[in-house]
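**Q** Coordinates only, no sequence provided:
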């Protein structure tokens, strides 16, 4: 996910009070005090998940919508933490009163994943046994571990049925795996810009990012102070990854070959010349101030290991227990998780006799298209969550 | 009167005939499903488990909105993704004349489906012949609404053409229904001339 923010417009209604906005929101911490065993057998003495909720849980406790975030996302998916925030939660355009995920009807829950660095327990958390950050002694986390940890949060919140689990990219994997592992709980899945099996190309990009981090001397085998660490490596990882989230067409439209004002037309230097370079550097700077390098290693590894076919024998076998109806959405310009990989999920579900739909949106924004302000996307999500029943008039 | 907020749609006559050939609680695929009216009707009347296929995102969105599962993409690619006989019935109604590879789609539907319903407008209907004969122009009427330059390419076909195709491919015609020009009453005599709409129930 990119870090673009709309510029604040001074002198108008405060943005958090805009109609359709959930307004000011607060994160909460769910503390699970018992030991938690990871898929690979490693055990944490307990964990914390930082989460946010919007809307109210109804009396039958079945109106929950679980929002699952992507690699660099977090629990803050809608609203504002303070009126002075530069930008709202990352899916604020989709979630709110009257929006596609309508918080007047639904109780929206979003948690930072296990292994993350935005308040949930991860490699930057303090290991109670040593009093120091876990670093790379943190257990190897998988998407399955993230799902199991979030299931404990749902239990804690008293949710009896999840109306829909929604996510893009890694969030799509999480939502799908939720429906596979907890079929009784999940009624609907919206999986966008995602895959049932991390491809070689996606693993390759993740590996370049990891190498950038681990080759930075400040990484120090994962043992670095909270305010230090491989900032250069993490910045390079982010710059490279950012390119995979957009597209040739969208970058060309946004930057073209425009040069920075400071750059002379014929300057033969390696200083920033093109706007796109400055943009990537800005993206990297804002990322290293909010993200932990070890979390980046762990979560990209979790993505690499995601392969439903390998884990369950085949994608059809993987989805065999699913009771949810699934809506898969691919984006034509997504070259990280291309439409074909999303289409295959829907086809496997249909082959397994499940209820599944596949929609493909023509966009030119690349992988991050799932965050797009698009009426087509809103219509699909809203229609899937709140379907309309049609009666037939038999008087022909 | 319907409940407030509940949309009411008119059932079309071919829905009724198509519905009669669908066994309750079976697996049905509708090629060229449009906004999902037929599958919704079949789900309500026959409790089928259905999936529609269409190329257009707006049609898929309309399906999703009314609770019909639908797949956006190419029909042949879709059918090829399923094992033999996966669907109890594949329906191809009012679409067959617009297909790029009609024979391939029908044969693939007969592989992935145990039965196939094909419905089409009979281009050999007497009024169409008269129109061509007297005006010498591209047919335009309530069914063929567009001028030649504003519509997708169409392989218009007649009852005789279709029967010949089935015979040449060894496709068994289990049932056939021909409707007159009103698309309502049955046409019992010389369908290639008097039928406005034709429906076929095919098996291998």
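**A** It's in. None of the values given here were measured: they were computed from a predicted structure.

**Q** what's the neighbour count on the closest residue to residue A:217 other than its chain neighbours?
**A** Nearest residue to residue A:217, sequence neighbours excluded (Cβ to Cβ, 6 or more residues apart in numbering or on different chains): residue A:230, at 7.9 Å. Every residue, glycine included, has its C-beta placed from N, CA and C. Residue A:230: 25 surrounding residues under other Cβ atoms under 10 Å in any protein chain shown.

**Q** now do residue A:97
**A** 15.

**Q** do residue B:179 as well
**A** Count around residue B:179 with other Cβ under 10 Å applied: 22.

**Q** any idea how far the residue nearest to it when sequence neighbours are not counted lies from residue A:31?
**A** Once flanking residues are discounted, residue B:179 sits nearest to residue B:197: 4.5 Å by Cβ to Cβ, 6+ apart. The spacing between residue B:197 and residue A:31, counted by Cβ to Cβ, to the nearest Å, is 67 Å.

**Q** okay, these two: which has more neighbours?
**A** Ranked by neighbour count (other Cβ under 10 Å), residue B:197 and residue A:31 place residue B:197 first, with 26 against 10.

**Q** sec struct for the residue of chain A found nearest chain B, please.
**A** Nearest residue of chain A to chain B (Cβ to the nearest Cβ) works out as residue A:383 at 3.3 Å. Recorded secondary structure, residue A:383: helix (DSSP: H, G, I helix; E, B strand; the rest coil).

**Q** Would you check that it makes contact with residue B:61?
**A** Yes. The pair residue A:383 and residue B:61 passes the contact test of Cβ atoms under 8 Å, sitting 6.1 Å apart.

**Q** Between those two, which is the more surrounded one?
**A** Taking other Cβ under 10 Å, residue A:383 and residue B:61 do not tie; residue B:61 has more neighbours (23 against 20).

**Q** where's the more buried one, which helix or strand?
**A** Under the criterion of DSSP states H and E, residue B:61 resides in helix B:57-65.

**Q** Report all helices and strands that the helix or strand following that helix contacts.
**A** Per DSSP H and E, the first helix or strand lying C-terminal to helix B:57-65 is strand B:70-72. Applying 3 or more Cβ pairs under 8 Å, 6 or more residues apart in numbering or on different chains; DSSP states H and E, we find strand B:70-72 packed against helix A:339-351, strand A:356-361, strand B:49-54, helix B:57-65.

**Q** So which elements touch the very next helix or strand once past strand B:70-72?
**A** Moving toward the C-terminus from strand B:70-72, the first helix or strand encountered (DSSP H and E) is helix B:75-80. Helices and strands touching helix B:75-80, by 3+ Cβ pairs under 8 Å, 6+ apart, are strand B:27-31, helix B:102-112.

**Q** list the buried ones in helix B:75-80?
**A** The neighbour-count check on helix B:75-80 (16 or more other Cβ atoms under 10 Å in any protein chain shown) flags B:75, B:76, B:78, B:79 as buried.

**Q** Can you give the distance from that helix to the centre of its chain?
**A** On the basis of Cα atoms, centre = their mean, to the nearest Å, helix B:75-80 is displaced by 16 Å from the centre of the chain it belongs to.

**Q** Mind checking the pLDDT average for it?
**A** The average of the pLDDT scores along helix B:75-80 is 98.

**Q** Likewise for stretch B:153-166?
**A** 95.

**Q** Contacts made by that stretch with the rest, please.
**A** Residues from elsewhere that reach stretch B:153-166 (Cβ atoms under 8 Å, 6 or more residues apart in numbering or on different chains): B:96-99, B:102-103, B:106, B:118, B:120-124, B:139, B:171-173, B:178, B:191-192, B:195, B:198, B:200, B:202.

**Q** do that again at 7 Å, thanks
**A** For stretch B:153-166, the external contacting residues (Cβ atoms under 7 Å, 6 or more residues apart in numbering or on different chains) are B:97-98, B:102, B:120, B:122-124, B:173, B:178, B:191-192, B:195, B:198, B:200, B:202.

**Q** Take these and keep only those in strands.
**A** B:120, B:173, B:178, B:198, B:200, B:202 (DSSP state E).

**Q** Report the separation between the last one and chain A.
**A** Distance from residue B:202 to chain A, counting by Cβ to the nearest Cβ, to the nearest Å: 22 Å.

**Q** Could you report the neighbour count for that residue?
**A** By other Cβ under 10 Å, the residues close to residue B:202 number 24.

**Q** how close does it sit to residue B:74?
**A** Counting by Cβ to Cβ, the gap from residue B:202 to residue B:74 is 21 Å.

**Q** Would you map the helices across the stretch 101-250 of chain A?
**A** Ranges of helices within the stretch 101-250 of chain A are A:143-157, A:170-181, A:200-214, A:231-245, A:248-254, based on DSSP state H, counting those that start in this stretch.
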